[in-house]
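# can you look at this prediction? I've put the sequence above it.
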Amino acid sequence: DGGITQSPKYLFRKEGQNVTLSCEQNLNHDAMYWYRQDPGQGLRLIYYSQIVNDFQKGDIAEGYSVSREKKESFPLTVTSAQKNPTAFYLCASSIMGAYEKLFFGSGTQLSVL
Amino acid sequence: QKEVEQNSGPLSVPEGAIASLNCTYSDRGSQSFFWYRQYSGKSPELIMSIYSNGDKEDGRFTAQLNKASQYVSLLIRDSQPSDSATYLCAVMANDMRFGAGTRLTVKP
């Protein structure tokens, strides 16, 4: 079955620690995205990538980093510079040029210990 | 002013009633409009998209768009308890902007 797989489902970060959230898709989509969701707020774009080895910052990129070495994979690293990382993180993908038809992964809930 | 605004709710309707969810947006250049359903702790799922003024129906769901008023709505007919979820409005201009969502509860 085609889809987007995010792991882990739950993640805990210690202060000063970097953590990496995994996102893999087998939909053959060119574009991939990372969103952050906080209670009572809409999804906010962190980073997006439309082709391999290229990515752009979204609205709230500070404290985060990404890579796109393979079409299928778009991992997100939450660095120690992100002082308020507790949130639900969603990875999505779409056919390039069809930004609107987003397919979402199941999400990762990140909490701070 | 938020780019995409929704009433956070909760909106509570009895089973079988019509649920009406509303959304306003600020960017007049917006061209594409979407409704996503999100169950608690789960990822959003696209349920409706609309691109031109008027109504678009899909089963029990009807999306309504009025670009002049910068308003988009979602009607759910014959609401079922399984429709209880948060409904996210999303608007596409240069990029996709999401509202905070309206939480809907359908009571048996």
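It's in. Residues are numbered from 1 along each chain as shown, chains lettered A, B, ... in the order given.
# okay, CA-based contacts and neighbour counts for the rest of this
Fine.
# who's in contact with A:Leu11?
Shown in contact with A:Leu11 (CA atoms under 8 Å, 6 or more residues apart in numbering or on different chains): A:Thr108, A:Gln109, A:Leu110, A:Ser111.
# how does it look with 6 Å?
A:Leu11 sits next to A:Leu110 when contact means CA atoms under 6 Å, 6 or more residues apart in numbering or on different chains.
# repeat that for the one 5 residues further on.
For A:Gly16, the contact set (CA under 6 Å, 6+ apart) comprises A:Ser80.
# in which helix or strand would I find it?
Using DSSP states H and E, A:Gly16 sits in no helix or strand.
# please see if the helix or strand bottoming out on mean pLDDT in chain B touches chain A.
Across the helices and strands of chain B, mean confidence by mean pLDDT, DSSP states H and E is lowest for strand B:96-98: a mean of 90. Yes: with CA under 6 Å from any CA of the partner chain as the criterion, chain A is reached by strand B:96-98 at B:Phe98.
# now the element after that strand, going C-ward?
strand B:102-107.
# give me the contacts around that next one.
B:7-15, B:81, B:84-87.
# which ChimeraX command selects the buried ones in the residues you listed?
Buried members of those, defined by 16 or more other CA atoms under 10 Å in any protein chain shown, are picked up in ChimeraX with:
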select /B:8,11,13,15,84,85,86,87
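# just send the contacts of strand B:102-107 back as a markdown table, with pLDDT too.
Formatted as a markdown table, those follow (pLDDT from 0 to 100):
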| residue | pLDDT |
| --- | --- |
| B:Asn7 | 86 |
| B:Ser8 | 81 |
| B:Gly9 | 82 |
| B:Pro10 | 90 |
| B:Leu11 | 95 |
| B:Ser12 | 97 |
| B:Val13 | 97 |
| B:Pro14 | 97 |
| B:Glu15 | 97 |
| B:Pro81 | 97 |
| B:Ser84 | 97 |
| B:Ala85 | 96 |
| B:Thr86 | 95 |
| B:Tyr87 | 97 |
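# all good on my end, thank you.
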